[in-house]
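Visitor: Here you go, sequence then predicted model.
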Amino acid sequence: MIGWQKYFRLKGILPGKVHVSIPSIGIVDFTDILLDLDLLRKLWEADFPYLEPTEEGYKIIYGIYLDTSASNLSKMIRNASDLQEATLIAAHKPDSKIVNQALESYKSKSL
Amino acid sequence: MGDIAFDDITRNLPGGNNMGSLNALYLGRHKEVKNWPKEPTTEDTLESAASLEGELTMKDGKRMVPFYFTDDTAELSVKEVGEIDGISLEVTITVFHPGMQKKILGFFSATKNEDLVAIPVDGEGQKYLIGSELRPMKRQASDGSGTGKETKSRKGVALSFVWKTNALRIYEGSVPLTPATSA
């Protein structure tokens, strides 16, 4: 299983717990490899000081340097490492029928 | 710095919530703090005057530690002290830790004259920074520790901390409970 470390890396602290700045979240344990990428994205966007996206994270989560044409996104979804990554890629074009079909296809294959 | 603009003080209980006591308490050594949140640079509103800016970070290998306390024994209290035209605040944290095992007795002894910093978290998850770069939080004598007199008594360690300041401010950053590293 591929964890969140492919998309974000810790900086300034060893893996462990942090009581984060967003009150509704509380304590996050960064030794957990199954942390939700959307949670990490929220932390990063809230200026959390101990996290930064990897090059892969910038590409997948923020679409930087990413060809966001529906055909390319569909191709990337087909090649995604897991459903979480496929969902993040699809989020770049949520209204695209082709992209949503690729995501649904990925979901049905991953079941 | 100019005067802070006064504004209407109305009922302000988000979600109708206003629970007392503390949910969590984090403690650290004053000298192990690397970066201190800054006092507000612009105090143009009442809200900004009560908010710290930035993150508290620790020196390499150091961290803030969570302190367990029995439910309904933790309190953050604020007392105004001083004469007219010289009023300031004494902020006190009191907690009771159940049991008298080695670790808490070691902590009890190691902190008695130490310069400290604390981040208590209130019932709504709001955090406060107790201790500043210029003035640490200190332990103050507390008389609630021991075995108790009767078998139905609860043994444990009672701690009281005090910080003297001109303002109590909210800390909106993170609390690192894992060691800092420069790597």
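Guide: Thanks, I have the structure now. Numbering: from 1, shown residues only, chains lettered A, B, ... in the order given.
Visitor: Show me what the biggest helix by length in chain A is in contact with.
Guide: In terms of residue count, the longest helix belonging to chain A (DSSP state H) is helix A:97-110. Contacts with helix A:97-110, where a contact means C-beta atoms under 8 Å, 6 or more residues apart in numbering or on different chains, come from A:70-71, A:73-74, A:77-78, A:80, A:82-83, A:86-87, A:90, A:92-94. For glycine as for every other residue, the C-beta is placed from the backbone atoms N, C-alpha and C.
Visitor: how about the residues of chain B that lie near chain A?
Guide: B:24, B:26, B:55, B:57, B:63, B:119, B:121, B:124-127, B:172-182 (C-beta under 8 Å from any C-beta of the partner chain).
Visitor: switch to 6 Å and redo it
Guide: B:55, B:125, B:172-181 (C-beta under 6 Å from any C-beta of the partner chain).
Visitor: can you give me the helices in the chain?
Guide: I went with chain A, as the question did not name one. A:37-45, A:55-62, A:70-78, A:83-90, A:97-110.
Visitor: that's the wrong chain, I wanted chain B
Guide: B:46-49, B:102-110.
Visitor: A:Ser74 - nearest residue in space that isn't next to it in sequence?
Guide: Nearest residue to A:Ser74, sequence neighbours excluded (C-beta to C-beta, 6 or more residues apart in numbering or on different chains): A:Ala102, at 3.8 Å.
Visitor: coming back round to it: most tightly packed of the helices of chain B?
Guide: helix B:46-49 (a mean of 14; mean count of other C-beta atoms under 10 Å in any protein chain shown).
Visitor: Distance from the chain centre to that helix, please.
Guide: The chain centre lies 19 Å from the centre of helix B:46-49; the measure is C-alpha atoms, centre = their mean, to the nearest Å.
Visitor: quick revisit: measure how the longest helix of chain A sits relative to helix A:70-78, angle-wise.
Guide: Using axes from the mean of the first three to the mean of the last three C-alpha atoms, to 10 degrees, the direction of helix A:97-110 lies 10 degrees away from that of helix A:70-78.
Visitor: List the buried residues in helix A:97-110.
Guide: Within helix A:97-110, the residues scored as buried using 16 or more other C-beta atoms under 10 Å in any protein chain shown are A:99-100, A:102-103, A:106.
Visitor: Now do B:Glu53 against B:Ala118, distance only.
Guide: Computed as C-beta to C-beta, to the nearest Å, the B:Glu53 to B:Ala118 distance reads 19 Å.
Visitor: Tell me which of these two has more neighbours.
Guide: B:Ala118 (22 against 15; other C-beta atoms under 10 Å in any protein chain shown).
Visitor: With adjacent residues omitted, what lies nearest to A:Ala90?
Guide: Once flanking residues are discounted, A:Ala90 sits nearest to A:Leu103: 4.3 Å by C-beta to C-beta, 6+ apart.
Visitor: for the residue most central in space within chain A, what are its contacts?
Guide: Residue closest to the average C-alpha location in chain A (C-alpha atoms, centre = their mean): A:Leu37, at 4.2 Å. For A:Leu37, the contacting residues are A:4, A:7, A:84, by C-beta atoms under 6 Å, 6 or more residues apart in numbering or on different chains.
Visitor: switch to 10 Å and redo it
Guide: Residues in contact with A:Leu37 (C-beta atoms under 10 Å, 6 or more residues apart in numbering or on different chains) are A:3-4, A:6-8, A:57, A:60-61, A:84-85, A:87-88.
Visitor: CA atoms only: put the lowest-mean-pLDDT helix or strand in chain B into CSV for me.
Guide: Least confident helix or strand of chain B, by mean pLDDT, DSSP states H and E, is helix B:46-49 with a mean of 90. Included here for helix B:46-49 are C-alpha records, laid out as CSV according to Å, rounded to 0.1, in the frame of the first residue of the first chain:
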residue,chain,number,x,y,z
LEU,B,46,-10.3,43.7,19.8
GLU,B,47,-9.9,40.3,18.1
SER,B,48,-6.4,40.9,16.7
ALA,B,49,-5.3,42.3,20.1
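Visitor: starting at the chain centroid, how far to stretch A:54-69?
Guide: The chain centroid and the centroid of stretch A:54-69 are separated by 10 Å, computed with C-alpha atoms, centre = their mean.
Visitor: ditto for stretch A:91-106
Guide: 16 Å.
Visitor: so what's the spatially closest residue to A:Trp44 that is not a sequence neighbour up against?
Guide: Nearest residue to A:Trp44, sequence neighbours excluded (C-beta to C-beta, 6+ apart): A:Leu51, at 5.4 Å. With contact set as C-beta under 10 Å, 6+ apart, A:Leu51 has these partners: A:4, A:8-13, A:18, A:20, A:28, A:30, A:40-41, A:43-44, A:57, B:174.
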